[in-house]
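>>> just a sequence and a predicted model for now, questions to come.
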Amino acid sequence: MLNYVPNDVARSLFKKSTRTIALFVPDITNPFFNELALAVEKVTQMYGYTTILCNTSESAKIERQYIQNLKQKYIDGFIMATNTLTADEIEGLELPMVAVDRSGSSVIPTVTSKNREGARVAVQALLRQGCRKIAHIRGPKGMWIAEERCQGYLDLVEDEAWFTPKLIVNGNFQLKEAIRTATKLFREHPDIDGVFAGNDLMAIGTLRALQEQGIRVPEQVQIIGYDGIALAEMVYPELSTISQPIYEMGMLAARILIKKIEQKPLDEENYQLEVALIQRGTTRP
């Protein structure tokens with residue numbers, strides 16, 4: 001007996017398929033994408049696929065380089081949690097793709113949460129708990145989910161007598177940027193008593209900025225984030241947040257992509273999953 005083992009490289013060259021998918025994320029240091037990657041990997045392993053994790057650092061150039069290299073290696077499909085490719089570039093890929101938490105594209109299947117609705121729930125909670133001047137630390141301009149969450153905030157506060165566009169500042173979905181932005185915001189508007197942050201990292205950055213200024217949370221300022229990452233329970237006080245089903249989103253995106261790769265019909269093209277308010281220590285009971 002010759003103990004023959006099939007050569008996977010030769011077989012992939014013949015079939016032009018490697019049973020490999022790529023998951024593109026903009027910032028691997030954000031715990032949201034860690035949890036998403038775990039879910040994607042669990043599903044792909046179950047179906048006999050391998051996942052390659054590609055961190056783009058929000059750079060279109062890096063993302064395009066990844067795509068070019070992976071297509072040469074017969075990648076089978078992409079899950080995109082990034083927001084840098086144009087619609088024309090997406091159509092030009094000619095490979096199965098799913099967007100997760102990043103795009104409202106009609107060209108490819110999407111998996112996201114009810115971002116605008118979640119933002120409304122957050123602001124409603126702050127108003128109900130007595131806040132009279134609520135700021136919004138938003139994500140990057142032009143990013144679909146950042147715009148949706150900002151619009152949800154505006155839906156409830158735009159007609160309030162105290163509202164001014166200066167209460168909306170960009171934290172770029174990053175902790176350090178949010179610390180800097182929130183510090184400046186509270187120096188200019190010390191009467192703010194509520195903050196809705198577009199993700200949990202920015203909410204934690206806001207909490208840190210307030211603590212450094214000696215402002216008590218939640219006694220003087222209440223904060224609600226968005227995502228529901230595990231890190232929200234590790235800060236003090238624990239962060240109130242709009243929790244989206246991150247793990248479920250990752251698993252669903254992977255299943256949809258595998259169906260597309262294997263040319264099976266999809267039950268649905270675009271999924272918007274429910275969110276839930278989790279009240280912890282940064283809001284008053």
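Noted; the coordinates are in hand.

>>> when you work out contacts or count neighbours from here on, use the C-alpha atoms and nothing else.
Noted.

>>> so which residue is smack in the middle of this protein?
Compute the mean C-alpha point of the chain, and by CA atoms, centre = their mean the closest residue is Asp101, 5.1 Å away.

>>> what's the spacing between Asn69 and Ala22?
11 Å (CA to CA, to the nearest Å).

>>> just Ile242 next, same as before
Taking CA to CA, one finds Ile242 at 28 Å from Ala22.

>>> what's the neighbour count on Ala230?
Neighbour count for Ala230, taken as other CA atoms under 10 Å: 12.

>>> could you pull out the strands in this structure for me?
Secondary structure of the chain (DSSP state E): strands located at 20-25, 50-55, 77-80, 97-100, 110-113, 134-138, 168-170, 194-197, 222-227, 240-243, 270-273, 276-278.

>>> Glu262 is nearest to which of those strands?
strand 77-80 (10.5 Å; CA to CA).

>>> can you tell me the strand partners of the closest one and which way each runs?
Strand 77-80 pairs in its sheet with strand 20-25 (parallel), strand 97-100 (parallel), by DSSP bridges.

>>> phi, psi of the nearest residue to Ala178 once chain neighbours are set aside?
Of all residues not flanking Ala178 in the chain, Gly171 sits nearest, at 4.4 Å (CA to CA, 6 or more residues apart in numbering). Backbone torsions of Gly171, given as degrees, to the nearest 10, read phi -100, psi 0.

>>> and Asp101, by the same measure?
phi 60, psi 30.

>>> against Asn170, how distant is it?
With CA to CA as the criterion, Asp101 and Asn170 are 19 Å apart.

>>> who has more neighbours, Ile242 and Ala22?
Taking neighbours as other CA under 10 Å, Ile242 and Ala22 compare with Ile242 leading, 26 against 21.

>>> what's the burial count for the nearest residue to Asn199 once chain neighbours are set aside?
Closest residue to Asn199 apart from its sequence neighbours, by CA to CA, 6+ apart: Tyr226 at 4.3 Å. Residues within reach of Tyr226, counting by other CA under 10 Å, total 29.

>>> ok, back up a step: same list, the strands of the chain, but as CSV with mean pLDDT and distance to Gln124 please.
Listed next are the strands of the chain as CSV, based on pLDDT from 0 to 100; distance: least, CA to CA, whole Å:
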stretch, mean pLDDT, distance to Gln124
strand 20-25, 96, 31
strand 50-55, 96, 35
strand 77-80, 96, 31
strand 97-100, 94, 26
strand 110-113, 95, 18
strand 134-138, 98, 11
strand 168-170, 98, 17
strand 194-197, 98, 10
strand 222-227, 98, 11
strand 240-243, 98, 12
strand 270-273, 94, 20
strand 276-278, 98, 11
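
>>> among those, which comes closest to Val157?
With CA to CA as the yardstick, what comes closest out of the strands of the chain is strand 134-138 (8.0 Å).

>>> what comes into contact with the closest one?
Under the criterion CA atoms under 8 Å, 6 or more residues apart in numbering, residues 123, 126, 146, 149-150, 153, 167-173, 178, 182, 192-198, 202-203 lie in contact with strand 134-138.

>>> give the contact list for Arg116.
Arg116 neighbours (CA under 8 Å, 6+ apart): 148-153.

>>> quick one: the helices in the protein?
Taking DSSP state H as the criterion, the chain contains helices spanning 8-15, 31-46, 60-72, 87-92, 115-128, 144-157, 175-188, 200-212, 246-261.

>>> and the contacts of the third one?
Among residues not part of helix 60-72, those counted as contacts by CA under 8 Å, 6+ apart are 24, 54, 56, 84-85.
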